[in-house]
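Novice: Just a sequence and a predicted model for now, questions to come.
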Amino acid sequence: MSSNPGRIARRIHVKGKVQGVWYRGWTIDQANELGLDGWVRNRIDGSVEAVVAGPADKVEALIVRCHAGPPAARVDKVTVEDIAGTVAAGFIQKATI
């Protein structure tokens with residue numbers, strides 16, 4: 001993330017039926033549509049984690065979308081936390097941890 005005013009970064013953690021339902025691919029599509037930077041990955045506990053950076057209104061729009069997810073998903077819980085540091089340009093899928 002840069003020091004641009006109005007630019008924020010958030011870590012999003014999504015629980016529910018969010019693996020095997022195209023949640024990561026959907027997140028990439030949504031982030032690209034909104035012009036956001038960051039990454040998404042599955043976690044070994046069955047959840048999905050993402051780090052997202054960009055204009056505050058666009059990041060918040062993605063967070064709202066994450067509460068629903070793609071059609072086959074069932075989202076039970078979304079937690080969001082502020083993060084500091086640099087987020088690389090573009091939006092990618094990372095390996096499961």
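Specialist: Perfect, I can see it now. Residues are numbered from 1 along each chain as shown.
Novice: got the contact list for the helix or strand where Val51 lies?
Specialist: Using DSSP states H and E, the element containing Val51 is strand 48-55. Contact with strand 48-55 is made by 1, 6-14, 18-19, 23-24, 27, 31, 34-43, 59, 62-63, 66, 83, 87, 91, as judged by Cβ atoms under 8 Å, 6 or more residues apart in numbering. Any C-beta I mention is one placed from the backbone N, CA and C, and that applies to glycine too.
Novice: residue boundaries of the helices in the chain?
Specialist: 23-34, 56-66 (DSSP state H).
Novice: Deepest-packed of the ones you listed, please.
Specialist: helix 23-34 (a mean of 19; mean count of other Cβ atoms under 10 Å).
Novice: quick one: low-confidence ranges for this structure?
Specialist: For the chain, the stretches with pLDDT under 70 are 1-5.
Novice: In it, where's the longest strand?
Specialist: Longest strand in the chain by number of residues (criterion: DSSP state E): strand 7-17.
Novice: Against which helices or strands is it packed?
Specialist: strand 48-55, helix 56-66, strand 74-82 (3 or more Cβ pairs under 8 Å, 6 or more residues apart in numbering; DSSP states H and E).
Novice: so which of those gets nearest Ala95?
Specialist: strand 48-55 (11.7 Å; Cβ to Cβ).
Novice: chain center to that closest one: distance?
Specialist: Averaging C-alpha positions (Cα atoms, centre = their mean, to the nearest Å) puts strand 48-55 4 Å from its chain's average.
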